[in-house]
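[1] next one to model:
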Amino acid sequence: MRIRVRKKNLFYLLAITSSVIGAVVTVIDTYISLEYNINPWSLCLVIFIAGIVITFILSVILSIPIGGKPLGARIDPSFPGLRLLRKEEVPYQIMAGMGNAVATVGYFFIISIYQDPSTILSFFEVVILYLLITESIAEKNAPSMAEVESSIIVTFGAIMASFSFTGELNLKGLLIVFLVLNPAWVVFSIYQRKLKLLRINGRHNDAINIRFWNLFFTTIFTAILVYFIDTKHFFAAIDALKYWPIMFLSMGTTFFSYIFYIRALGLGKASVTQAVKSSTIIFSIPLSFLLASYIPLSFYESIPQLVIKVMGIILVIMGVISFALTEVRAYIFIKAKTGHPSTDLINDIWAIKGVTAVAAVAGRYDIISKVRMRTLGKGYERIIRELEEINGIEKFEWHSILKEWEEI
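    Below is the predicted model of the structure:
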């Protein structure tokens with residue numbers, strides 16, 4: 001059965017689904033860390049070793065053809081089945097693997113410090129400011145005031161929500177978050193998005209193969225990091241494999257969280273995707289209470305601390321909604337001057353920041369271009385000005401996209 005939904009709705013559906021599953025994963029990881037008392041260095045290595053196995057099994061299952069298409073095509077329509085890594089993917093996978101390895105080592109170290117999953121998840125959301133700054137530099141386009149305001153709202157909300165229910169604030173943990181975990185996550189997110197936008201055999205790359213090969217490189221880099229950080233616990237990770245059922249549960253659940261996250265990255269900017277995914281904080285609160293029924297957690301002690309946490313969550317929600325209202329997309333229909341080389345014209349249009357697609361067509365117009373910008377006023381003025389400076393364009397028409405559908 002074919003299902004079509006608006007692209008914007010699909011983006012939010014994917015990002016929020018990823019956040020719900022991500023909250024569950026963090027609760028499972030916190031349970032593993034506290035219940036089995038595994039050293040964080042051993043835990044981050046052993047969980048990736050288990051992850052390679054369960055991810056390979058899931059990828060093979062999703063490669064089984066049903067009705068002429070792989071089962072995984074129901075999750076990502078671009079999925080052709082598990083395949084070998086392509087040469088053009090290797091540099092991106094290496095960078096994403098390094099970023100993921102460093103972020104994961106920091107993540108499990110934070111878990112060993114903070115025993116409240118909602119606190120752990122909140123730390124990740126500060127990365128939105130990192131992503132916004134990185135994207136602005138890469139695109140040579142300063143963020144709009146609305147986007148800056150949204151980022152600050154989400155960031156402050158995440159910081160408020162990050163205070164544990166006991167009021168603890170661990171300086172060492174915060175330094176790891178701001179100087180190690182979040183910068184590494186920026187590298188991971190940006191190169192995962194590059195991989196998703198990469199075309200393989202004429203179609204967009206798929207999230208399932210991206211996840212499998214990212215896990216392959218991440219495990220290698222994690223093993224290297226753990227070996228040099230603590231050789232003793234590097235070998236202790238093998239002994240921790242006796243807990244493989246719960247490790248499989250954690251990484252099997254993580255697999256689907258990342259699949260949806262990677263797909264969302266293909267539809268929106270990394271900063272916006274992360275902002276929407278920050279809704280994971282909302283789901284982590286009830287899950288933290290649920291986990292407290294099974295193992296002792298550093299938990300709720302006073303009404304003021306609970307109020308601060310709830311206020312932080314409200315700010316995150318407001319920031320996410322604000323982010324959702326800033327992005328604008330449009331099609332530009334272009335008529336070329338007679339005798340002007342079409343290849344040169346297409347290259348000139350493609351060089352404009354904000355242009356996401358260019359197509360030569362037959363009919364009334366010669367070229368159709370698709371653009372995406374942060375705000376209508378600023379983006380429209382800049383793109384129009386650059387189009388007017390291109391000699392090969394006779395005239396053009398701008399049509400803003402009101403609704404857009406995607407087949408899933």
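[2] now what about stretch 329-341, what contacts it?
    342, 345, 349, 364-373, 380, 383, 387, 391-401, 404 (Cβ atoms under 8 Å, 6 or more residues apart in numbering). Just so you know, the C-beta spots here come from the backbone N, C-alpha and C atoms, and that holds for glycine as well.
[3] buried residues in that stretch, which are they?
    Neighbour-count burial for stretch 329-341, counted by 16 or more other Cβ atoms under 10 Å, picks out 329, 330, 332, 333, 334, 336, 340.
[4] what about the strands in this structure?
    All strands of the chain, identified by DSSP state E, fall at 4-6, 65-66, 69-70, 199-200, 203-204, 328-336, 355-360, 367-373, 393-400, 405-407.
[5] next, the buried residues of stretch 227-234.
    By neighbour count on 16+ other Cβ under 10 Å, the buried set for stretch 227-234 is 233, 234.
[6] tell me how far the ends of that stretch are from each other?
    Stretch 227-234 has an end-to-end distance of 5 Å (criterion: Cα to Cα, to the nearest Å).
[7] give me the mean pLDDT for that stretch.
    Averaged across stretch 227-234, pLDDT comes to 78.
[8] same deal with stretch 246-266?
    87.
[9] for that stretch, give me every contacting residue.
    By Cβ under 8 Å, 6+ apart, the residues outside stretch 246-266 that reach it are 11, 14-15, 17-18, 21-22, 24-25, 28-29, 31-32, 36, 46-48, 50-51, 53-55, 58, 75-76, 189, 192-193, 195-197, 204, 207-208, 210-211, 241, 273, 276-277.
[10] out of the residues you listed, which end up buried?
    Among the contacts of stretch 246-266, those classed as buried by 16+ other Cβ under 10 Å are 11, 14-15, 17-18, 21-22, 24-25, 28-29, 31-32, 46-48, 50-51, 54-55, 58, 75-76, 189, 192-193, 195-196, 204, 207-208, 210-211, 273, 276-277.
[11] looking at those residues, which are in helices?
    In helices, defined here by DSSP state H, the members of these are 11, 14-15, 17-18, 21-22, 24-25, 28-29, 31-32, 46-48, 50-51, 54-55, 58, 189, 192-193, 195-196, 207-208, 210-211, 273, 276-277.
[12] outline the domain layout of this structure.
    Here the domain parsing of the chain from automatic domain parsing is 4-324, 329-407.
[13] still on that earlier bit, quick one: closest of the strands of the chain to residue 98.
    When the strands of the chain are compared by Cβ to Cβ, strand 199-200 sits nearest residue 98, at 21.9 Å.
[14] the closest one pairs with which strands, parallel or anti?
    Sheet partners assigned to strand 199-200 using DSSP bridges are listed as strand 203-204 (antiparallel).
[15] show me the contact partners of the partner strand.
    Applying Cβ under 8 Å, 6+ apart, the contact partners of strand 203-204 are 78, 196, 197, 198, 266.
[16] again, but for stretch 214-224
    Residues outside stretch 214-224 that contact it (Cβ under 8 Å, 6+ apart): 44-45, 48-49, 51-52, 55, 93-94, 96-98, 100-102, 104-105, 192, 195, 234.
[17] try it again at 6 Å.
    By Cβ atoms under 6 Å, 6 or more residues apart in numbering, the residues outside stretch 214-224 that reach it are 45, 48, 51, 52, 55, 93, 96, 97, 98, 100, 101.
[18] what's the answer for stretch 345-361, then?
    139, 141, 336, 342, 367-373, 379, 383, 386, 390, 392.
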